[in-house]
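> Got a sequence here, can you model it:
(2 chains)
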Amino acid sequence: MAGSTPASPSASAGPAVRAAPAFSPARDAWRRFRKHRLAVASLVALGVVVLAVIIGPVVWPVAINDIDFSAQLKPPSFAHPFGTDDLGQDILARLIYGGRISLAVGLVAMIVAMVVGVLVGATAGMSRGRVDAALMWLADLFLSLPQLPLLLLIIYLFRDGLKAVLGPEGGVFVLIVLVIGGLRWMPVARLVRAQFLSLREKEFVEAARALGASRARLVVHHILPNALGPVIVAGTIDVANAIIAESTLSFLGLGFPPDIPTWGRVLFDAKDYLDVAAYWSLFPGSAMFIAVLSINFIGDGLRDALDPRRVL
Amino acid sequence: MSRDFLLRRLLIAIPSLFGISLVLFVVLALAPGDPFGELVTNPNVPPEVRLALRAKFGLDDPIWIRYVRWLFAMLQGDWGFSFVSRVNVDTLILQRLPTTMAVIGASQVLAIMIAIPVGVLAAAKPYSLFDQIANTFAFIGFSLPTFFTGLLLILVFSVQLNWLPFVFTTEIRGSGWPWLWEYVRQSIMPVTVLGLFQGASLVRYVRSSVLEVIKLDYVTTARSKGIGERKVLVLHVVRNALIPVVTLVALQMPIVFGGAIVTEQIFRVPGIGSLLISAMLANDTPVIMGVTFVFSCLVVLFNLIADVLYGWLDPRIALR
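Down below sits the predicted model:
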């Protein structure tokens, strides 16, 4: 029993010896990913949500701000599959529109966090010594910042300034994405640094160095591709966290302006009508839950696929 | 644990406190507009008074002097007064801090009480049915945003069943047991929301920590001596596996504070989280800065406590 616990259910399977004509890392990863049934189901669920959000307006061409006082707080019906809110606006249309923003925020914030994290981590990992120590101190410092209060503070202080420059929607989007991304790069930086520290001593890197590869080439062609597995996993989970962070801001009434119905914002508007219109909060909440849960499961599946040694 | 270790940890905490205060100050200094804008736009404040105030707060001095002065003021508890309620910020925060700490404390206890048994049992039989169920529920637990869980609980227990009050109030009449019972009743939902969210992420840490320990040689030795499996698990494995969990609980503190802000806002718990939100909606800058500073200090404090506890539980760390 001792020492026999496999790192993941699929890791124990070992490399499949098949007469496959060509072996590629991507195909091997996909083979492992498929074994995680919940991850595959989540991929389908997330696909449905993304598809609904993208082609939704074509299939359901109802305006998001079509105020209709004759249809206030109507429960789900054929005319309004998800019901209407206190102004008679169609909730389905608002959720489709808001989903675009929520998912886009998640994706772009993740990209910001990845870029900063990989840059900092790679710099720290390649340069060791003082630069490394300083960068890691910075990462630790950022890790011990109280994220949500700081997020709220920055948005509170800078919202009006950016709104004036980029317009209400664009300004808030850029701000939220930058701040959420800027407060989440630390785990990625640490992961990348750890990978770099071990990879840079490996024989294949030494061989490349002996052949006269420049530092930049070593990093971009040899070290980084091998360090990407855990980074992709962390990035997936970051998308989920960023979606939650944006929804939290909107739910507190401090995110997007009221005329942009992100999922959190719809929930914020709905929370005072729980007793008369429970469906109004249940639909946006469930949409958020399904998106976040499926992204988290996909991240777990990717971990099995790309990083089979880790237990957690 | 040596005194040296304690002192070293304390000294490490100081630069991070400085760093955090620097980040806060830079954010404030970079912000467009005048932090005392309310005084500028208020027609009842004559320009001379405004200029005098600017001079008094030193807004025209070089930035590093402003930082030093601001830091000293913060450290001395001189945090200004609330624009809205005309009360000193530190009084306002001290009034509300105990409620926040009570809710966070109770929810942490709940989270630990859920996470340790579930995580240990899941790791005892990895990939068993129980492990898979626990894992799935853990994923559901931290994928449900706290504000949605809060609304769901209100919907079920307040609106549908009418068992629990959904608004937290400090003005409960009566005394003795009935008073205590009302207090507990209104705390159940906020504490549950925070505790479940926190517990869900802790379960996975506990599980992986136990899995790390369970394959060590000394556990095999204990087993080979014929000690029962349950005894091995509780006395030999769990004791060591929980050491890293202590650090994790502390490292999660920033996230817990975020959750506490949301929970306090939903259930209208009069803590510093809801104070922060109402101050933001009312443009009450001194209160916002004060609360953010308090949250930062609490995070540093909890990191320090975790470090010290870790050194005490695992003397190998303290020797390094």
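
> On the secondary structure side, give me the element for the spatially most central residue of chain A.
For chain A, the residue whose C-alpha lies nearest the mean C-alpha position (C-alpha atoms, centre = their mean) is A:Val239; its distance is 0.3 Å. With the criterion set as DSSP states H and E, the secondary-structure element containing A:Val239 is helix A:224-251.

> likewise A:Leu157?
A:Leu157 belongs to helix A:147-166 when assigned by DSSP H and E.

> quick one: is that helix near chain B?
Yes. With C-beta under 8 Å from any C-beta of the partner chain as the threshold, helix A:147-166 lies in contact with chain B, specifically through A:147-150, A:152-154, A:156-158, A:160-161. Every C-beta, even on glycine, is put in place using the N, C-alpha and C of the backbone.

> Pipe those into TSV and attach pLDDT per row.
Formatted as TSV, the entries for these read as follows, by pLDDT from 0 to 100:
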residue	pLDDT
A:Gln147	82
A:Leu148	85
A:Pro149	85
A:Leu150	85
A:Leu152	85
A:Leu153	83
A:Ile154	85
A:Tyr156	81
A:Leu157	80
A:Phe158	81
A:Asp160	75
A:Gly161	73
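
> hmm, back to that, which strands or helices does the helix holding A:Leu157 pack on?
In terms of contacts (3 or more C-beta pairs under 8 Å, 6 or more residues apart in numbering or on different chains; DSSP states H and E), helix A:147-166 is packed against helix A:168-182, helix A:224-251, helix B:3-30, helix B:253-267, helix B:272-281, helix B:285-313.

> Pull the number of nearby residues for the residue in the stretch 201-320 of chain B that chain A sits nearest to.
Taking C-beta to the nearest C-beta as the measure, the point where the stretch 201-320 of chain B comes nearest chain A is B:Gly258, at 3.2 Å. As a burial measure, the neighbour count of B:Gly258 was computed by other C-beta atoms under 10 Å in any protein chain shown and equals 23.

> contacting residues around it?
Under the criterion of C-beta atoms under 8 Å, 6 or more residues apart in numbering or on different chains, the contact list for B:Gly258 reads A:146-149, A:248.

> Turn the residues you listed into CSV, including neighbour count.
Listed next are the contacts of B:Gly258 as CSV, based on neighbours: other C-beta atoms under 10 Å in any protein chain shown:
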residue, neighbour count
A:Pro146, 27
A:Gln147, 21
A:Leu148, 24
A:Pro149, 26
A:Thr248, 23
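
> where do the strands sit along chain A?
For chain A, no strands are identified by DSSP state E.

> In the stretch 51-200 of chain A, where is pLDDT below threshold?
A:66, A:68-69, A:71-73, A:78-80, A:86, A:88 (pLDDT under 70).

> Any residues of it in contact with chain B? List them.
Of all the residues in the stretch 51-200 of chain A, those lying near chain B are A:137, A:140-141, A:143-150, A:152-154, A:156-158, A:160-161, going by C-beta under 8 Å from any C-beta.

> Select only the buried ones of those residues in PyMOL?
The PyMOL selection below is limited to those of these classed as buried (16 or more other C-beta atoms under 10 Å in any protein chain shown):
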select buried, chain A and resi 141+143+144+145+146+147+148+149+150+152+153+154+156+157+158
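
> To A:Ser198, which of the helices and strands packed on helix A:147-166 lies closest?
Distances from A:Ser198 to each of the helices and strands packed on helix A:147-166 were compared using C-beta to C-beta; the minimum, 9.1 Å, belongs to helix A:224-251.

> What angle do helix A:168-182 and the closest one make with each other?
Angle, helix A:224-251 to helix A:168-182, by axes from the mean of the first three to the mean of the last three C-alpha atoms, to 10 degrees: 130 degrees.

> now helix A:224-251: how far from the chain's centre is it?
Put simply, helix A:224-251 sits 4 Å off its chain's centre (C-alpha atoms, centre = their mean, to the nearest Å).

> longest helix anywhere in chain A?
When chain A is scanned for its longest helix (criterion: DSSP state H), the result is helix A:91-127.

> which residues in the stretch 51-200 of chain B form helices?
When assigned using DSSP state H, counting those that start in this stretch, the helices of the stretch 51-200 of chain B occupy the ranges B:63-75, B:89-124, B:129-143, B:146-153, B:176-214.

> wait, does stretch B:242-255 contact chain A?
Yes. Using C-beta under 8 Å from any C-beta, a contact is recorded between stretch B:242-255 and chain A, made by B:251, B:254-255.

> So for that stretch, mean pLDDT?
In this model, stretch B:242-255 has a mean pLDDT of 83.

> ok, now stretch B:52-71?
Average pLDDT, stretch B:52-71: 71.

> For stretch B:200-219, C-alpha coordinates in CSV please.
Included here for stretch B:200-219 are C-alpha records, laid out as CSV according to Å, rounded to 0.1, in the frame of the first residue of the first chain:
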residue,chain,number,x,y,z
ALA,B,200,-14.6,23.0,0.0
SER,B,201,-11.2,24.3,-0.9
LEU,B,202,-9.6,23.0,2.3
VAL,B,203,-10.9,19.5,1.7
ARG,B,204,-8.6,19.1,-1.3
TYR,B,205,-5.6,20.5,0.6
VAL,B,206,-6.2,18.1,3.5
ARG,B,207,-6.6,15.2,1.2
SER,B,208,-3.4,15.8,-0.8
SER,B,209,-1.5,16.5,2.4
VAL,B,210,-2.6,13.2,3.9
LEU,B,211,-1.7,11.4,0.7
GLU,B,212,1.8,12.9,0.9
VAL,B,213,2.3,11.6,4.5
ILE,B,214,0.6,8.3,4.2
LYS,B,215,3.2,6.9,1.8
LEU,B,216,6.2,7.8,4.1
ASP,B,217,8.2,5.0,5.6
TYR,B,218,7.3,5.7,9.2
VAL,B,219,3.7,5.0,8.4
